[in-house]
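Participant: For reference, the sequence and a predicted model appear below.
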Protein chains: 2
Amino acid sequence: MPRLDQELTRLLGERRMLTSPDALLAWECDGFTVHKSRPRAVVLPETTAEVQAVLRLLHAAAVPFVPRGAGTCLSGGPTAGGDAVVIDLARMRKVLHIAADDLYAVVQPGVVNLDLTQAVHHLGLHYAPDPSSQSVCTIGGNLAENSGGPHCFKYGMTQDHVLGATIVLPDGELAHLGSAAGPRHQGQLDLLSVFCGSEGTFGIATEIIVRLCRDQQGVRTLLAAFDSMTAACRTVSDIVAAGLVPAALEILDQATIRAVEASVYRAGYPADAAAVLLVELDGPHQVIEEEAAEVRTFFARNGALRSEEATDPYERKRLWKGRKGAFGAMGRLNTDLYVLDGVVPRTRLEEALAGIAAIGERHGVLLTNVFHAGDGNLHPNISYDGRDAAQTARTIAAGREILQLCVDLGGSISGEHGIGSEKLDHVRMMYGDHDLEVMAKVRAVFDPAGRCNPGKVLPQRGACAEVAKWPQMVAKVLDVEERR
Amino acid sequence: MPRLDQELTRLLGERRMLTSPDALLAWECDGFTVHKSRPRAVVLPETTAEVQAVLRLLHAAAVPFVPRGAGTCLSGGPTAGGDAVVIDLARMRKVLHIAADDLYAVVQPGVVNLDLTQAVHHLGLHYAPDPSSQSVCTIGGNLAENSGGPHCFKYGMTQDHVLGATIVLPDGELAHLGSAAGPRHQGQLDLLSVFCGSEGTFGIATEIIVRLCRDQQGVRTLLAAFDSMTAACRTVSDIVAAGLVPAALEILDQATIRAVEASVYRAGYPADAAAVLLVELDGPHQVIEEEAAEVRTFFARNGALRSEEATDPYERKRLWKGRKGAFGAMGRLNTDLYVLDGVVPRTRLEEALAGIAAIGERHGVLLTNVFHAGDGNLHPNISYDGRDAAQTARTIAAGREILQLCVDLGGSISGEHGIGSEKLDHVRMMYGDHDLEVMAKVRAVFDPAGRCNPGKVLPQRGACAEVAKWPQMVAKVLDVEERR
């Protein structure tokens, strides 16, 4: 056993330092299953001091590492190359402090998103960002990815809800960014915002100060089914143009509706509908009442086939069931699912969806669409059989074209899933060498040796050495990069 | 005439390249009049290309420069050392594009804050951040300082309203940060957030994409006078604890009320009141009605001496008149005014105010307080005679103690005015060498030669060479720094 492994075992014990191939299987990939790679080892620290001790050992041995939350990331962010050690933060799941009057909480990075909301529910509070994976994903992972969610249309992304963080830098040193007192209290360069969304390439946050929001007086969910995607998108435009700011504005397309209705996530959506639109309103009862009346007129104006409304939690949950279960339902369509994440200006949603359908047809892939319509954040999903190399290649090729389309329409290659390893090949659709060089330099301030989640986010040639041992797909991506 | 000056004159003409001592007088300082220094020259570019050409010439000649908006900054940010050239952006005042449907505008940096709101008023839109200087300060200056304002309690700071910027780097190269499509569209490291609030030390933003907000259905301003500061602060706590989020929560203390009532800004505030609290509610009419009723019960519970309410714009303006004119009114108290800017947790406001009063008494300085109570953002103001060296020294000493008190109470040395040259001496109350080193490295990514607003924000020993020629007060500040 190499000396580093011995030292890590001495530090954490055998149950928290894993090296056997069987044990490592669970850490081979995240939700982006195209890229798979077994790490050198997985360690499971429980305290800030342990994270520091681990990073000091790795630093001394010049071994790269990859921080990981629940592994629900969809862009390969926490997938580790052959020589890297995964720092799994799942055991750091304590809510350290709740300051109800001052509306914040201090949590360890492994706290599950929904668990935090449940921990403050009795105080009439909640944590606002709600990725679809909120029942398993962690606050630390959310911070790394600057995660979004359906309710971010009104409430903002993770960045808007993180006030501060204690981070362990790649050499084991501590740094404190931001403070519980919030944005007015920074008094200096805002390094917290650039840490947020750096996808685990700057260091490891071991204590995170998050904003808590007061629960609204009331919540109402409205659902409408339409006979065309155009009608659903126009309804969204009407709602936004009227100055309403719903908590969520979500659309499911026909293929998604059919998959959902054929699955255990059956929500009673009309199977003949071309699109289902979910609108969630929250606020004082009187305001919801007035806004719901407005939304109903937009449903009618755009020829909704059917609509439903719910205010009690049980009924609301039923209306959301299909949306929340959409990705699960797609398990029926094929063995693997590639969940894409692109953004277009809201005013170009219809155009984007038509283009995406055309790309899917051209490549002969099965496409479904679920999206945050208010933000123009699309999630085209390709169902495929990952054991079939040709099908996988067509899937990746179609995905690439779809993201290029988003950029061409004035949007971006990622709304909330990050770049990870998945989109290293796509970054240059948006950024030139000079932009990437500046970003690489900022990253190097935190991680000068390039050992913290190497080979992710930035397609820097120099920094790619560590991932040279990655499997074929990554090699292919790097290859494409090289040829440019 | 030195060759650089000749080249700048050739580029911009004599009317936009100023070097005569008389002409330079207006650029000797900003609103922090303690630090004064005449720059080498002032240039007034009108286009991005001209800014690039100017910076290329300065880069080639290795001459430092200082970007400047309206000069309303209160921390010496745009004050230039003897060798530096001021890049005044006041002539870049075009609103380049208004996208009403997509709720954004693209502006040049010299556009006056209030002018932007007036340019979109007919569309039912406005630009939310509203510093007290909004009728003269510029969007570019607001971006540099991450400016706040009374309405930032509900609507957030400048950072929350800037979507993107085209910046000219110190070597004359262009970079684009963010995009009109907003935070979901970044797809990479958020360099825009760290540029925002970098106080002109990273480069010059020449096109700024800002978010536009829809006007609210109604606005109501409530004013209450109290016989103690304690009662006013408790009312604020009650309002916040009840879950209300007023658009503004402002307090004026007795000394401020008296100065206002004796001045042309007379607003009819009761002269015997120990504190005046302004509460502004906005939103749908029905909600305002309900919230106003709640606020009234808090006024009564805390024994308000008198209260007033206004919904029509003229009457609302009258209630605000004293607050908006407070700094002007202080011109009656002495020749100079040192406007401090510190933050404490909202729950410790009373304690802070008592401590500030004690510091004022000990130093024998005349103190008034106007503050954003909802945010805990204090503005203690010291009226003094800048021609009297001893009085000035007592003012600076009292200011320093007040900021140390804010930090000791868990707050910060700046809520919205920045560090500039004023607080170089105070930064280490909050940050250690390691923190400052990291910040300096991030700054160096944008400005490797340290020629962009040198000697500001970060008390780095190495970077202070350029300000060695500054007048006595700065030298003193550096001196204090050196002795640590």
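Facilitator: Ah, there it is.

Participant: Any idea which residue is closest to the centre of chain A?
Facilitator: Centroid-nearest residue in chain A: A:H417, 3.8 Å away (criterion: C-alpha atoms, centre = their mean).

Participant: Name the helix or strand for that one, please.
Facilitator: According to DSSP states H and E, A:H417 maps onto no helix or strand at all.

Participant: didn't it look like it was pressed against A:T72?
Facilitator: No: in this structure, A:H417 is not within contact of A:T72 by C-beta atoms under 8 Å, at 10.2 Å. All C-beta spots, glycine's among them, are computed from the backbone N, C-alpha and C.

Participant: after the longest helix along chain A, next one along is what?
Facilitator: Assignment by DSSP state H gives helix A:389-408 as the longest helix of chain A. Next along the chain after helix A:389-408, taking DSSP H and E as the criterion, comes helix A:433-446.

Participant: Tell me which residues are up against that following helix.
Facilitator: A:169-170, A:194-195, A:198, A:201-203, A:427-428, A:431, A:450, A:452, A:457-460, A:463, B:173, B:175-176, B:188-189, B:191, B:194, B:438, B:441-442, B:445-446 (C-beta atoms under 8 Å, 6 or more residues apart in numbering or on different chains).

Participant: about what we covered before: so who does the residue nearest to the centre of chain A touch?
Facilitator: A:H417 sits next to A:73-75, A:145, A:339, A:341 when contact means C-beta under 8 Å, 6+ apart.

Participant: Ok, A:G399 next?
Facilitator: A:338, A:340, A:380, A:382.

Participant: roughly how far apart are it and chain B?
Facilitator: Distance, A:G399 to chain B, by C-beta to the nearest C-beta, to the nearest Å: 15 Å.

Participant: Relative to A:G410, how far out is that residue?
Facilitator: Separation of A:G399 from A:G410 (C-beta to C-beta, to the nearest Å): 19 Å.

Participant: what's the nearest residue to A:E28 if we skip its chain neighbours?
Facilitator: Nearest residue to A:E28, sequence neighbours excluded (C-beta to C-beta, 6 or more residues apart in numbering or on different chains): A:K36, at 4.7 Å.

Participant: Can you report how many residues neighbour the one you found?
Facilitator: Residues within reach of A:K36, counting by other C-beta atoms under 10 Å in any protein chain shown, total 18.

Participant: circling back to that earlier point, just the ones in strands from the contacts of A:G399, please.
Facilitator: Among the contacts of A:G399, DSSP state E puts A:338, A:380, A:382 in strands.

Participant: residues in contact with the nearest residue to the second one once chain neighbours are set aside?
Facilitator: If I follow you right, that is A:P380. The shortest distance from A:P380 to any non-neighbouring residue, by C-beta to C-beta, 6+ apart, is to A:L340 (4.6 Å). Contacts for A:L340 (C-beta under 8 Å, 6+ apart) come out as A:378-382, A:399, A:402-403.

Participant: mind redoing it with 7 Å?
Facilitator: Listed by C-beta atoms under 7 Å, 6 or more residues apart in numbering or on different chains, the contact partners of A:L340 are A:379-381, A:399, A:402.

Participant: which of these tops the neighbour count?
Facilitator: Highest neighbour count within these: A:P380, with 28 neighbours (other C-beta under 10 Å).

Participant: give me the beta-bridge partners of that residue?
Facilitator: Counting by DSSP bridges, A:P380 forms beta bridges with A:N369.

Participant: Next, find the distance separating it from A:D425.
Facilitator: For A:P380, the distance to A:D425 equals 17 Å [C-beta to C-beta].

Participant: Between the two ends of stretch A:156-176, how far is it?
Facilitator: For stretch A:156-176, the separation between the terminal residues is 23 Å (C-alpha to C-alpha, to the nearest Å).

Participant: Quick one: distance of that stretch to the chain centre.
Facilitator: Remark: stretch A:156-176 is offset 17 Å from the chain centroid, using C-alpha atoms, centre = their mean, to the nearest Å.

Participant: Also stretch A:437-444?
Facilitator: Centroid displacement of stretch A:437-444 relative to its chain, using C-alpha atoms, centre = their mean, is 23 Å.

Participant: What of stretch A:288-305?
Facilitator: That offset, for stretch A:288-305, works out to 31 Å (C-alpha atoms, centre = their mean).

Participant: where does the stretch 51-200 of chain A come near chain B, residue by residue?
Facilitator: The stretch 51-200 of chain A comes close to chain B at residues A:101-102, A:148, A:157, A:159, A:175, A:181, A:183-185, A:187-191, A:193-194, A:196-198, as judged by C-beta under 7 Å from any C-beta of the partner chain.

Participant: Apart from its chain neighbours, what residue comes closest to the residue of chain A found nearest chain B?
Facilitator: Residue nearest to chain B within chain A (C-beta to the nearest C-beta): A:S193, separated by 3.3 Å. Residue nearest to A:S193 in three dimensions, not counting chain neighbours: B:S193, with 3.3 Å by C-beta to C-beta, 6+ apart.

Participant: how close does that neighbour get to B:V445?
Facilitator: As judged by C-beta to C-beta, B:S193 and B:V445 stand 14 Å apart.

Participant: which one of the two has more residues nearby?
Facilitator: Between B:S193 and B:V445, B:S193 has the larger neighbour count (other C-beta under 10 Å), namely 26 against 20.

Participant: For A:I257, give its distance to A:F153.
Facilitator: Distance, A:I257 to A:F153, by C-beta to C-beta: 21 Å.

Participant: ugh, wrong one, A:G71
Facilitator: Distance of A:G71 to A:F153, given as C-beta to C-beta: 26 Å.

Participant: do A:C73 as well
Facilitator: The gap separating A:C73 from A:F153 is 22 Å, by C-beta to C-beta.

Participant: Same question for A:V365.
Facilitator: From A:V365 to A:F153 the distance is 29 Å (C-beta to C-beta).

Participant: Tell me which of those two has more neighbours.
Facilitator: Counted by other C-beta under 10 Å, A:V365 and A:F153 do not tie: A:F153 has more neighbours, with 24 against 21.

Participant: quick one, what contacts A:L58?
Facilitator: Listed by C-beta under 7 Å, 6+ apart, the contact partners of A:L58 are A:65, A:85.

Participant: again, only using 8 Å
Facilitator: By C-beta under 8 Å, 6+ apart, A:L58 lies in contact with A:4, A:64-65, A:85, A:451.

Participant: Just put those in CSV and tack on distance to B:A393, secondary structure and pLDDT.
Facilitator: Listed next are the contacts of A:L58 as CSV, based on distance: C-beta to C-beta, whole Å; DSSP: H, G, I helix; E, B strand; the rest coil; pLDDT from 0 to 100:
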residue, distance to B:A393, secondary structure, pLDDT
A:L4, 58, helix, 96
A:P64, 54, coil, 97
A:F65, 53, strand, 98
A:V85, 57, strand, 97
A:R451, 50, coil, 95
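
Participant: what's the closest of these to A:A224?
Facilitator: A:F65 (48.1 Å; C-beta to C-beta).

Participant: can you tell me how far the closest one sits from A:V42?
Facilitator: 10 Å.
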